[in-house]
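>>> With the sequence up front, the predicted model follows.
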Amino acid sequence: DMSDDSEHDRNVLLARNPRQIPRRPIILAAFLFGVGGILLMIAGFITTGIISTDDIWPGQHWTQPAITFYVLGGLSFVPGSYNLYIAYRAYRGDPGYSFDMIPTVH
């Protein structure tokens, strides 16, 4: 019977590739990566003088706002980039990487 063969083929394919891609954690990782990158760019612009801190924080030296943006940018960029890297390697099917390594979001 033809329908039994196609059903069997579909079941074999599903059994061979059981992984589910966790969308929400990957979206969160991409968001952290993007926000962290933007904050790090702002910190770099403050450090180089492209963004003047006198307009936003009058009388304050540039180092305090720059350090704040570097810290916040690093705190969001590092975990975002790490989880995106794991997701990329797991998607490629590299040995030693799986989507189970990414923390889940509830």
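Thanks, I have it. Residues are numbered from 1 along each chain as shown.
>>> drop to CA atoms for contacts and neighbour counts, all remaining ones
Fine.
>>> State the next helix or strand along the chain beyond whichever strand or helix holds Met41.
Met41 belongs to helix 23-48 when assigned by DSSP states H and E. Next along the chain after helix 23-48, taking DSSP H and E as the criterion, comes helix 53-56.
>>> quick one: buried residues of that following helix?
By neighbour count with 16 or more other C-alpha atoms under 10 Å, helix 53-56 contains the buried residues Thr53.
>>> Point to the residue nearest the middle of the protein.
Nearest residue to the geometric centre of the chain (C-alpha atoms, centre = their mean): Ala29, 2.7 Å.
>>> Not counting its neighbours along the chain, what's nearest it?
Using C-alpha to C-alpha, 6 or more residues apart in numbering and skipping residues adjacent in sequence, the residue nearest Ala29 is Gly80, 4.2 Å away.
>>> Report the separation between the one you found and Phe99.
Distance from Gly80 to Phe99, counting by C-alpha to C-alpha, to the nearest Å: 14 Å.
>>> same question, Ala87
Taking C-alpha to C-alpha as the measure, Ala87 falls 6 Å from Phe99.
>>> one step back: what about the residue nearest to the centre of the chain, distance to Leu40?
According to C-alpha to C-alpha, Ala29 stands 16 Å off from Leu40.
>>> next one: Asp55
Taken as C-alpha to C-alpha, the span from Asp55 to Leu40 is 19 Å.
>>> residue ranges with poor pLDDT in the chain?
1-19 (pLDDT under 70).
>>> at 80 what do you get?
In the predicted model of the chain, residues 1-19, 55-62, 105-106 satisfy pLDDT under 80.
>>> residue contacts, the residue nearest to Ala29?
28-33 (C-alpha atoms under 8 Å, 6 or more residues apart in numbering).
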